[in-house]
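Visitor: I'll drop the sequence and a predicted model, then ask my questions.
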Protein chains: 2
Amino acid sequence: MVPTVEWRDGAVRILDQSRLPGAVEFLDCRDYHTVARAIKELRVRGAPAIGVTAAMGVALGAQFIQVTEYEDFAQGVLEICAHLAATRPTAVNLFWALERMKQTVARSRGKPLEDIKRGLIEESQRLLDDDIAVNKAIGRHGAELVADGHAILTHCNAGALATAGYGTALGVVRAAWEQGKKIRVLAGETRPVLQGARLTVWELMQDRIPVTLITDNMAGALMKLGRINLCVVGADRIAANGDVANKIGTYSIAVLAMAHGIPFYVAAPHSTIDLSTASGDQIQIEHRMPQEVISVFGSPPIAPVGVEVLNPAFDVTPADYVTAIITERGVVKPHELPERFRS
Amino acid sequence: MVPTVEWRDGAVRILDQSRLPGAVEFLDCRDYHTVARAIKELRVRGAPAIGVTAAMGVALGAQFIQVTEYEDFAQGVLEICAHLAATRPTAVNLFWALERMKQTVARSRGKPLEDIKRGLIEESQRLLDDDIAVNKAIGRHGAELVADGHAILTHCNAGALATAGYGTALGVVRAAWEQGKKIRVLAGETRPVLQGARLTVWELMQDRIPVTLITDNMAGALMKLGRINLCVVGADRIAANGDVANKIGTYSIAVLAMAHGIPFYVAAPHSTIDLSTASGDQIQIEHRMPQEVISVFGSPPIAPVGVEVLNPAFDVTPADYVTAIITERGVVKPHELPERFRS
């Protein structure tokens, strides 16, 4: 797999996911504004990947802060963080990663500014390496829940492309596959931006893991026909009570899964768990532009000019619908989150 | 509204729905093979519209049967009917309408063939006129279930475009609107062919009835937020036990509606009710080509070449999920169908 994001020759190199699967192209960001724009325009997306990318954006921006005093430098980093924080509101990993970068600066008071700048690059690289390790642990724990022959429904892309590598929901798939289990993934296309069709199908086909593309509205009918054994999705933010914000359509799948007695799992690292948010109704849901719904991956308009459109990018699945959350620390029931992750 | 289908200057003129909403174009079919192809290619679609169009196709084909004996003529009509019957398997109105045309021929034995040919044109016109009258009756009965201020979710297009005019599900909407009720329709876009976005939104905007376009996967989240008061959809075939075959995604909506305590209505004429099919699992579900999923209304491919795709065009909603069926004879509970429609 090509890397989702990497630090390369003094730039943040991003695989441009808005072009997949038609073209594999990279975007070399040489200033943090370009990194922010890439996040906003979904050239890089997926909660963990956004976190790592934003951290690299901070490291990049910091290199160009031309001051001599620590206070001025720290102020400059805060401004960069504020700019990157304003890109997307729902995924908490973004804010968590920016917080890590701010702490790195705070811890470094008194050091030469050049050392702090280098330290920020190292910290962002550590976030990237940690993310891959965390995903492999998630995969290991999650694979226990997957049996030979299982058909696994996933939504959106919680794969290598949504993370620094390996993936969360697709990390579970990869680990089960590596254990030799004969599985098949059903990938919901995930309107409006089609991350399921464009990204999940692409990365699974690259790894030769069997995958079938479906439209989102087929999930219920396939569950009724016994064609789906379990559901695994990622998350953009998990509240303290276990409510899960994830890509629009996730909630519908969870309700359908429960109606059919099919387990519904959420795979996510600790950085997605936000104990400071009590419940899902406090999570800010990003509403994106109508154009994403009206034109499908470059198609002519699918509805007349002037049509009113709703385009919430996420929804909230109440904890009651979540069978368990697969984390790097193990498989956790939603209501056990505070005790397991208070630290 | 422009007519969905009409007999015009010795041809069957079809509004080419595959081009909407970008272009309003008509297809003048001068032989029944062209009519059959138009049905197969979804240039005309919607169970009642398919029935009327096929009847006109029979009338058209019959004009060109060059024989002198009644038996030969009747045989020719049967062949035309067989060709038209092979276009789409799920909607029962097609077979019902062809049956009506065969009966017209059977009843006319002994008449001059020219009279029978004219009679077939008249019968197809009668089917068209009856369909509009039936839809207005459906609308009248259904409007009783709609309250001022209601937000109504519909799926696919069960509108004027799916019928000879006025619509079934959208007939209910039109009747409620004509009564002065301030309503809003939420139109699910209806992947893969986007009949909701392309057709339902188009025809409601033409009539200035408030409509909001959503992707199919938003339905659950909007129900949870209290943004949907009731669901009304059409049907392609209703079995004797009240199971309903309709556009893929209908079943998911029905399950979600029940989980949220929202009524789920099916609006359909008697010609959609197939008492000879005991239950939904006996209804043949049409599977269509992968290309419909892979390219969205002319977009570049949304998934890599060679991807495996499922594309069932319909699903079956068990009667237990159907609050009531709105017919031209009134609002009927699914299990009451046999007693109400045995005749």
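Guide: Ah, there it is.
Visitor: so the closest residue to A:H335 other than its chain neighbours is in which element?
Guide: Closest residue in space to A:H335, ignoring its immediate chain neighbours: A:G242 at 5.6 Å, by C-beta to C-beta, 6 or more residues apart in numbering or on different chains. (Glycine included, C-beta is placed from N, CA and C.) Per DSSP states H and E, A:G242 falls between elements, in no helix or strand.
Visitor: A:G242 reaches A:T323, doesn't it?
Guide: No - using C-beta atoms under 8 Å, A:G242 is not in contact with A:T323; the gap is 11.0 Å.
Visitor: Please identify which of the two sits among more neighbours.
Guide: A:G242 (25 against 20; other C-beta atoms under 10 Å in any protein chain shown).
Visitor: need the contact list for the more buried one.
Guide: A:A319, A:V322, A:I325, A:K333, A:P334, A:H335, A:L337 (C-beta atoms under 8 Å, 6 or more residues apart in numbering or on different chains).
Visitor: do A:M101 as well
Guide: A:A55, A:V58, A:A59, A:V77, A:C81, A:L120, A:E123, A:S124 are the contacts of A:M101 under C-beta under 8 Å, 6+ apart.
Visitor: distance of the fifth one from A:G57?
Guide: Between A:C81 and A:G57 the distance, using C-beta to C-beta, to the nearest Å, works out to 9 Å.
Visitor: So which of these two has more stuff around it?
Guide: A:G57 (31 against 23).
Visitor: Now that one: closest residue in space that isn't a chain neighbour?
Guide: Per C-beta to C-beta, 6+ apart, closest to A:G57 is A:V35, 3.4 Å.
Visitor: now swap in A:I65 and tell me
Guide: Using C-beta to C-beta, 6+ apart and skipping the chain neighbours, the partner closest in space to A:I65 is A:G76 (4.0 Å).
Visitor: what does the helix or strand harbouring the one you found rub up against?
Guide: For A:G76, the element it lies in under DSSP H and E is helix A:70-85. Residues outside helix A:70-85 that contact it (C-beta under 8 Å, 6+ apart) are A:32-33, A:35-36, A:39, A:54, A:57-58, A:61-62, A:65, A:67, A:94-95, A:98, A:101-102, A:105-106, A:109-110, A:113, A:116, A:120.
Visitor: try 6 Å
Guide: A:32, A:36, A:54, A:57-58, A:61-62, A:65, A:67, A:98, A:105, A:109, A:113 (C-beta atoms under 6 Å, 6 or more residues apart in numbering or on different chains).
Visitor: could you dump the residues you listed to TSV with pLDDT and distance to A:R227?
Guide: As requested, the contacts of helix A:70-85 are exported to TSV (pLDDT from 0 to 100; distance: C-beta to C-beta, whole Å):
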residue	pLDDT	distance to A:R227
A:Y32	98	46
A:A36	98	41
A:A54	98	38
A:G57	98	42
A:V58	98	45
A:G61	98	48
A:A62	98	50
A:I65	98	55
A:V67	97	60
A:L98	98	42
A:V105	98	51
A:R109	96	58
A:L113	98	59
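Visitor: And for A:R184, nearest residue in space, chain neighbours not counted?
Guide: Take A:R184 and drop its neighbours on the chain: the residue closest to it by C-beta to C-beta, 6+ apart is A:P210, 4.3 Å away.
Visitor: pLDDT value on that neighbour, please?
Guide: We note a pLDDT of 98 for A:P210 in this prediction.
Visitor: doesn't A:I183 make contact with it?
Guide: No - the pair A:P210 / A:I183 is not scored as a contact, 7.1 Å apart, by C-beta atoms under 6 Å.
Visitor: So which of those two has more stuff around it?
Guide: Comparing A:P210 with A:I183 by neighbour count (other C-beta under 10 Å), the higher total belongs to A:I183, at 23 against 14.
Visitor: and the gap between A:A169 and A:P112?
Guide: Distance from A:A169 to A:P112, by C-beta to C-beta: 43 Å.
Visitor: neighbour-wise, which of these two wins?
Guide: Set A:A169 next to A:P112 and count neighbours by other C-beta under 10 Å: A:A169 wins out with 33 against 10.
Visitor: re the thing from before, give the burial count for the residue nearest to A:I65, as a bare number.
Guide: By other C-beta under 10 Å, the burial measure for A:G76, its neighbour count, is 17.
Visitor: try A:G149
Guide: 10.
Visitor: Also A:D129?
Guide: 12.
Visitor: Please measure how far the first residue of stretch A:164-172 sits from its last one.
Guide: Start and end residues of stretch A:164-172 are separated by 15 Å (C-alpha to C-alpha, to the nearest Å).
Visitor: Residues contacting it, please?
Guide: A:52, A:128, A:131-132, A:135-136, A:138-139, A:142, A:154, A:158-160, A:232-234, A:267-268.
Visitor: distance of the residue nearest to A:G57 from A:R43?
Guide: From A:V35 over to A:R43 (counting by C-beta to C-beta), the distance is 10 Å.
Visitor: Settle it for me: which of those two has more neighbours?
Guide: Remark: of A:V35 and A:R43, A:V35 carries more neighbours, 31 against 21, as counted by other C-beta under 10 Å.
Visitor: just checking, that one touches A:C29?
Guide: Yes - at 4.6 Å, A:V35 and A:C29 qualify as touching, with contact defined as C-beta under 6 Å.
Visitor: Mutual contacts of those two, please.
Guide: What both A:V35 and A:C29 touch, as defined by C-beta under 6 Å, 6+ apart, is the set A:V12.
Visitor: Reformat the contacts of A:M101 as JSON lines; add secondary structure.
Guide: Below are those laid out as JSON lines (DSSP: H, G, I helix; E, B strand; the rest coil):
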{"residue": "A:A55", "secondary structure": "helix"}
{"residue": "A:V58", "secondary structure": "helix"}
{"residue": "A:A59", "secondary structure": "helix"}
{"residue": "A:V77", "secondary structure": "helix"}
{"residue": "A:C81", "secondary structure": "helix"}
{"residue": "A:L120", "secondary structure": "helix"}
{"residue": "A:E123", "secondary structure": "helix"}
{"residue": "A:S124", "secondary structure": "helix"}
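Visitor: Among the residues you listed, which one is most surrounded by other residues?
Guide: A:A55 (33 neighbours).
Visitor: can you pull the contacts of that residue?
Guide: A:A55 touches A:A97, A:M101, A:S124, A:L127, counting by C-beta under 6 Å, 6+ apart.
Visitor: Go through those and name the one nearest chain B.
Guide: Ranked by distance to chain B (C-beta to the nearest C-beta), the contacts of A:A55 are led by A:A97 at 26.9 Å.
Visitor: Now do A:M205: how many residues are near it, please.
Guide: Other residues close to A:M205 by other C-beta under 10 Å number 18.
Visitor: Could you report the separation of the residue nearest to it when sequence neighbours are not counted from A:A147?
Guide: Distances taken as C-beta to C-beta, 6+ apart put B:P304 closest to A:M205, at 5.4 Å, once the chain neighbours are dropped. Look at B:P304 and A:A147: by C-beta to C-beta, they are 28 Å apart.
Visitor: Distance of the residue lying farthest from the centre of chain A relative to chain B?
Guide: Ranked by distance from the centre of chain A (C-alpha atoms, centre = their mean), the top residue is A:T68, with 36.8 Å. Distance, A:T68 to chain B, by C-beta to the nearest C-beta, to the nearest Å: 51 Å.
Visitor: Let me see the backbone angles for that residue.
Guide: Per-residue torsions, A:T68: phi -120, psi -20 (degrees, to the nearest 10).
Visitor: Please report how far the closest residue to it other than its chain neighbours lies from chain B.
Guide: Closest residue to A:T68 in three dimensions, ignoring its sequence neighbours and counting by C-beta to C-beta, 6+ apart: A:L113, at 7.4 Å. According to C-beta to the nearest C-beta, A:L113 and chain B sit 47 Å apart.
Visitor: Neighbours of A:L113, how many?
Guide: 18.
Visitor: And for A:Y166?
Guide: Neighbours around A:Y166, by other C-beta under 10 Å: 21.
Visitor: Near chain B, which residues of the stretch 201-343 of chain A? Just list them.
Guide: A:201-202, A:205, A:212-218, A:220-221, A:248-249, A:251-252, A:255-256, A:259, A:296-300, A:302-304, A:307-310, A:315 (C-beta under 6 Å from any C-beta of the partner chain).
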